[in-house]
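K.L.:
with the sequence up front, the predicted model follows.
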Amino acid sequence: MKTDSLSDQRLASTVTAMERDLPRIPANQVETPVAVVDLRRAATNAHNTVERLAAHGLAWRPHVKTHKSRFMTRLQLAAGARGLTVATLREAEVMADLSHDLLLAHPPVPGRVRMERLAGALVAGNLTVAVDSPLSVRTLQAAAREAGITAPGAVEVDVGMGRAGVPTPEQAIRLAADLSEGEGTSFRGILFYPGHIRGGEDPETEMRQVSARVDRIVDALTAAGLAPEMVSGGSTPTLHLSHLVEAATEVRAGTCIFHDRDSVSTDAGGEEDLAYWILSTVVSDAVPGQVVLDAGSKALAKEAFRGGGPGFGRLLDHPGILVDRLSEEHGILELEEGGWRPSLGQRVRIVPNHVCVSVNLQDQLLAVDQEGDGFRVISLEARGRLPWQSPSN
Ligand SMILES: Cc1ncc(COP(=O)(O)O)c(C=O)c1O
């Protein structure tokens, strides 16, 4: 089902129309380092994700933490995404009016300000909230009472990553029963995150092990009269293996909208899927054997390469050339003698190791303009932690 260009004409014209509403900036006003996206590639990635999952009866509930942008969310929904995943209350607030089905994949705990915002988010949008402790259930119930609604909860289960989520069917049953029987909540289903599978030796076997753990929990819940309506899972590195978890109803992959150096090092994406880069300028060649770029850890993020090996990113147009070292505002390319060498002032495109953390460092994204020599400006409304006020309020 994978296509290399945006073959879906309806989506192509929707994206073109959406793009025209974005503010324009001429190319000669662009300062580096700056994040640039190719919306045709991003729309193709969204389209391919929907198709790939639909072929196995799975829905796509993209995680908006990757792009933090209302524009990109609208693009994903236009491509056929069903529902959204958010990690922060700000993301929930920003996206509330864009979808009728949001999943907050982060367990709530008590705290005056958090509770008020959670209650507000419950009122503003149709929000399902992940829980993995009796306290998180009670917190959700308190927020739901404050909001005056019944809030759906989903029990997070651990399938091997060892981060959040209960590991046993007994614990899952207890939390599901608390949600189902307690005042202010209902039980909607379970969520799992196979974040421990990132390429590696035998991701298929690992994914089948995840499937067995999910089955055990779903079977136990069903036997207890608490059959889950939603079984939400997935990630970008396991996107192509999503169908191996037979009980799943949806996949929350986020990174696949842009891809990055990490994701193309797995089978999740190819070179032609890379839709995000940092445009950067060579600012120094004073030290022999290297050049220095103006993009450092404050543009790329200092994340290790999960594919194994050195570098904090690599050039899009010269994939063998890595950003070997980083300071905050310096990125160093070590160059082989006699090989390719950019000149002072030359611009290069860098693919970061992990796109989500790079986006989080940007003020905005620039989309390559289809209609001339310039860019369209995409806002990143969901960045930061403070409460969001819609401009229309
Ligand atoms: C709970 C949860 N769901 C979904 C995702 C999306 O995974 P990916 O970034 O690999 O697409 C993440 C990523 O961190 C996550 O933490």
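P.N.:
Everything's here; your move.
K.L.:
what's the longest strand in the protein?
P.N.:
strand 276-284 (DSSP state E).
K.L.:
that one: which residues count as buried?
P.N.:
Tyr276, Trp277, Ile278, Leu279, Ser280, Thr281, Val282, Val283 (16 or more other Cβ atoms under 10 Å). (Glycine included, C-beta is placed from N, CA and C.)
K.L.:
again with stretch 90-107
P.N.:
Neighbour count says stretch 90-107 has 90-96, 99, 101-107 buried, by 16+ other Cβ under 10 Å.
K.L.:
between the two ends of it, how far is it?
P.N.:
Terminal residues of stretch 90-107 lie 14 Å apart, using Cα to Cα, to the nearest Å.
K.L.:
distance from the chain centre to the lowest-mean-pLDDT helix or strand in the chain, please.
P.N.:
Lowest on mean pLDDT, DSSP states H and E among the helices and strands of the chain sits helix 9-20, with a mean of 92. Centroid separation for helix 9-20 versus its chain: 22 Å, with Cα atoms, centre = their mean, to the nearest Å.
K.L.:
quick one: list the elements packing against that helix.
P.N.:
helix 39-54, helix 70-79 (3 or more Cβ pairs under 8 Å, 6 or more residues apart in numbering; DSSP states H and E).
K.L.:
now check stretch 100-116, is it near the ligand?
P.N.:
Yes: judged by Cβ under 6 Å from any ligand atom, stretch 100-116 comes into contact with the ligand at Ala105.
K.L.:
run through who's touching that stretch.
P.N.:
61, 63, 82-89, 92, 95-96, 118, 121, 125-133, 135-136, 138-140, 142-143, 146, 154, 156, 164, 191, 193, 232, 252 (Cβ atoms under 8 Å, 6 or more residues apart in numbering).
K.L.:
in PyMOL, how would I select the buried members of these?
P.N.:
Of those, the buried ones can be selected in PyMOL as follows, counting by 16+ other Cβ under 10 Å:
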select buried, resi 61+63+82+83+84+85+86+87+88+89+92+95+96+118+121+125+127+128+129+130+131+132+133+136+138+139+140+142+143+146+154+156+164+191+193+232+252
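K.L.:
list the contacts of the helix or strand following the least confident helix or strand of the chain.
P.N.:
Scanning forward in sequence from helix 9-20 by DSSP states H and E, the next helix or strand is strand 24-26. With contact meaning Cβ under 8 Å, 6+ apart, strand 24-26 is reached by Leu366, Asp369, Asp373, Gly374, Phe375, Arg376, Val377.
K.L.:
partners of strand 24-26, with directions?
P.N.:
strand 374-379 (antiparallel) (DSSP bridges).
K.L.:
about what we covered before: the longest strand of the chain packs against which elements?
P.N.:
Packed next to strand 276-284, using 3+ Cβ pairs under 8 Å, 6+ apart, are strand 34-37, strand 290-293, helix 297-300, strand 347-352, helix 355-359.
K.L.:
so which of the ones you listed is nearest Phe258?
P.N.:
helix 355-359 (4.8 Å; Cβ to Cβ).
K.L.:
ok so, going back, and the helices and strands packed on strand 276-284 as TSV, adding mean pLDDT, mean neighbour count and distance to the ligand?
P.N.:
Converted to TSV, the helices and strands packed on strand 276-284 look like this (pLDDT from 0 to 100; neighbours: other Cβ atoms under 10 Å; distance: least, Cβ to the nearest ligand atom, whole Å):
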stretch	mean pLDDT	mean neighbour count	distance to the ligand
strand 34-37	98	22	16
strand 290-293	98	22	26
helix 297-300	98	22	17
strand 347-352	98	22	13
helix 355-359	98	24	6
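K.L.:
how about the residues of the chain by the ligand?
P.N.:
Within the chain, the positions near the ligand by Cβ under 6 Å from any ligand atom are His63, Thr85, Ala105, Tyr193, Ser235, Thr236, Pro237, Arg252, Ala253, Gly254, Thr255, Cys256.
K.L.:
rerun that using 8 Å as the cut-off
P.N.:
The chain comes close to the ligand at residues 63, 65-66, 85, 87, 105-106, 130, 156, 163-164, 191, 193, 195, 234-239, 252-256, 263, 356, as judged by Cβ under 8 Å from any ligand atom.
K.L.:
in helices, which of the buried residues of stretch 90-107 appear?
P.N.:
Judged by DSSP state H, the subset of those located in helices is Arg90, Glu91, Ala92, Glu93, Val94, Met95.
K.L.:
per-residue pLDDT, the fifth one?
P.N.:
This points to Val94. Here, the pLDDT recorded for Val94 equals 97.
K.L.:
what's near enough to touch the closest residue to it other than its chain neighbours?
P.N.:
Distances taken as Cβ to Cβ, 6 or more residues apart in numbering place Ala382 nearest to Val94, at 4.2 Å, with adjacent residues excluded. Residues in contact with Ala382, defined by Cβ under 8 Å, 6+ apart, are Val64, Lys68, Ser69, Arg70, Val86, Thr88, Arg90, Glu91, Val94, Met95, Trp388.
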